[in-house]
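K.L.:
just a sequence and a predicted model for now, questions to come.
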Amino acid sequence: MKHFYFFLFSFFAFNLSFGQVIITEIADPNNNDNARFIELTNIGQDAFDLTGYNLIRWTNGNSGPSTGSERDLSSYGPLGPGDILTFANNATVFQDVYGFAPTASFSTGGVADSNGDDNIALRNGSTIYDLFGVPGVDGSGNAHEFEDGRAERKSTVTAPSATWVASEWNVDNDSGGGDGPQDAPNGFDPGQWIGLSIGSDPTLTVGSNVSGLDYFEGSGPSIEDSFSVDGINLTNDITVDAPTNFEISLTSGGTFSSSLVVTQSDGTASSSIYVRLVSGLAPETYTGNATVSSIGADSQIVNLSGTVTAADPQITVTAYLDDFNYIASNGGPSAEDSFSVEGLFLQSDVIITAPENYEVSLTTSTGYANTQNITPDQSGTIASTDVFVRLKAALSTGTYTGNIIVSSTGLTEEPIAVYGNVYGPPTNSLVITGAYDGPLTGGTPKGIELYVLQDIPDLSLYGISSISNGVGTSAGTVEYNFPADAVTEGTYIYLATEATQFNTFFGLNPTYVNGVVGINGDDSIELYENGQIIDTFGDVNMDGSEQTWDYLDGWAYRNSNTGPEGTVFTPTNWTYSGANAFNNQTLNSTASIPFPIGTYSNTTASVNNNQAINFSIFPNPTNTGFVTIKSNQMGAVQAQVFDLLGKEVVNTVVNNERLDVSNLNAGVYVVKLTQNKNTTTKKLIIQ
């Protein structure tokens, strides 16, 4: 809670004998990270020369300070007795929020722009003069975390410290420390410090209220917590009195009582007061004020609260279950998963009942049955216990759902939903036909082309995973499942990372958009059907850089009538642009080596007379300058010849079964033959 004090300029030799500057407040407001600041105060009775002094910050847990954050303070001195400097990260916001201008702004990313887990020092050259935090240790979860809150120097501090002393600070943060997160302006008081405001009167300050001192009926006392007590200018010791139903101690785990004394020395005193809710109480919520007093000082109070909960039976179930799937031909059961059960004050066993087609066990891999019993100990307690679940073996193809029921006497049943599938054999109705890594902003478009080999009533049975840099198969982890669309044979499907650049480059919209295909030319793709890998592009165990299938800033395209190939990748079943083929290209249609979009074909479709079409090409290899093309069907044959970079080098109708290739250099080519709307591809070698 924020406290306001009159700013007094009375200084006493016993604690302010000479000029000395300390860090008195560091702010990271919960509601405005542009209102951060650091406050320095001269707590001495003489002016303080800041020549050669600087502020610096250790970011997170970095072992060394961030030299870019260092700010020289020479120009801000000499600093008079009781004077305060406020350094903001944004001067405009600081003035708008707190109502006055800061001493200076050190800008975003500077020493005053800490996000609450950093360490900050006032240095004389490179020597630490005063320090907040532990350099090299991230503040998160530690005593020097002030994220979304603040750190304020206690009023009892009378000198700088070159090492971190946690007891000198009151720290609030969003992890529950102190008074929790603080909003600006009310949670902060830049330009003021309580240590300057106390004058010569005896003064007491206390820490935050304490709550959560809870226990179950019959098992007290509660766990202990603590609050701080500080005094200055004292003439007598501090007395701390606990309210009814609470007890206090000067040491953790020490002797607790209803009252204690904090001894003052030279007018100052400081201590942590440990507090707990006494044992033997009836179920109820208890509150009260601990009173902190010393003769001549205004008494302070700290609110304490705790709850005794009735010892009624209770269970806690923690469950995050994956789907339970297997392939019918493998026979099952599915892989197991588990959830945990724990209980208190139980009157009888906890019974775990599996739904139809599922089974449960208390031991991994063995002992499965329809029900399991967990017996509590003599106090009615069950420690956290794992319960294993799986879908039964030998089930027919289909989807299986239900609820596992967790029950015990006197408790409402706890249901845990389960979902599983028994998949039939894959139909292999989809195949990966292309992968591309585009040249536009951000390396787009990125994605894959797929081809529908047979009608697919439900595309959601198919999914995609990408493998980066040869880290190995996704092994059943499907990163993207297609929606439940029906698609027909001969359809091309385009899955891209985004739509705008895809349309710009290819002149059409992608079929689906998902980041799973954010591939970089050296990555692999796995295609799933019914949870099984049915096709693969790239070697999943190898980074593709400088490999045969490297498609960096280029593309790879499957040869017609090949695939799907399951987990096998056959590089010779693909044609490649070569790395960097798309460099400086803006449209696929005008690229020197365009992606052969939508050119894959498969000849498993039947012709009108239900006789499968069959092409033959000979001699192959050839050195005669021509080849003969024969077909078992009537009609003209259209021939297209492509080199291995995908460039079309011949496009003609075959006359008298003769295809002229005399103008082609020796090498390997792909011949695409089309007759009666049916297409096939053949490899041609010219010697």
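P.N.:
Arrived safely, thanks for sending.
K.L.:
so where do the helices sit in the stretch 401-550 of the chain?
P.N.:
With DSSP state H, counting those that start in this stretch, the ranges of helices along the stretch 401-550 of the chain come out as 500-506.
K.L.:
what of the stretch 1-150 of the chain?
P.N.:
Counting by DSSP H, counting those that start in this stretch, the stretch 1-150 of the chain has these helices, from start to end: 91-98.
K.L.:
right, and G544 touches G538 too?
P.N.:
Yes: with contact taken as CB atoms under 8 Å, G544 and G538 are classed as touching, separated by 5.7 Å. Quick note: C-beta positions are derived from backbone N, CA and C, even for glycine.
K.L.:
the two - which one has more neighbours?
P.N.:
Between G544 and G538, counting by other CB atoms under 10 Å, G538 is the more crowded of the two (27 against 24).
K.L.:
the more buried one contacts W549, correct?
P.N.:
Yes: counting by CB under 8 Å, G538 touches W549, with 5.6 Å between them.
K.L.:
where do the contact lists of those two overlap?
P.N.:
Common neighbours of G538 and W549 are listed as F569 (criterion: CB atoms under 8 Å, 6 or more residues apart in numbering).
K.L.:
picking up where we left off before, which neighbours do G544 and G538 share?
P.N.:
D523, S524.
K.L.:
touching stretch 360-373 from outside, list them.
P.N.:
In this structure, residues lying in contact with stretch 360-373 by CB under 8 Å, 6+ apart are 333, 336, 338, 349-354, 359, 374, 385-390, 404.
K.L.:
same thing but at 6 Å, please
P.N.:
D349, I351, I352, T353, A354, E359, V387, F388, V389 (CB atoms under 6 Å, 6 or more residues apart in numbering).
K.L.:
gap between the closest residue to the fifth one other than its chain neighbours and A290?
P.N.:
Nearest non-adjacent residue to A354, counting by CB to CB, 6 or more residues apart in numbering: V360, 4.7 Å away. V360 sits at a distance of 50 Å from A290 (criterion: CB to CB, to the nearest Å).
K.L.:
repeat for G563
P.N.:
From G563 to A290 the distance is 76 Å (CB to CB).
K.L.:
between those two, who's got more neighbours?
P.N.:
Ranked by neighbour count (other CB under 10 Å), G563 and A290 place G563 first, with 27 against 23.
K.L.:
what's the per-residue pLDDT of that one here?
P.N.:
Looking at G563, its pLDDT stands at 90.
K.L.:
which residue packs closest to it, ignoring adjacent ones?
P.N.:
Excluding its sequence neighbours, the residue lying closest to G563 (CB to CB, 6+ apart) is V431, at 4.4 Å.
K.L.:
my read: the one you found touches D535, true?
P.N.:
Yes: with contact defined as CB atoms under 6 Å, V431 and D535 form a contacting pair (5.4 Å).
K.L.:
who has more neighbours out of these two?
P.N.:
When neighbours are counted by other CB under 10 Å, V431 and D535 differ, and D535 comes out ahead with 25 against 21.
K.L.:
where in the stretch 101-250 of the chain is pLDDT low?
P.N.:
In the predicted model, the stretch 101-250 of the chain carries pLDDT under 70 at residues 197-199.
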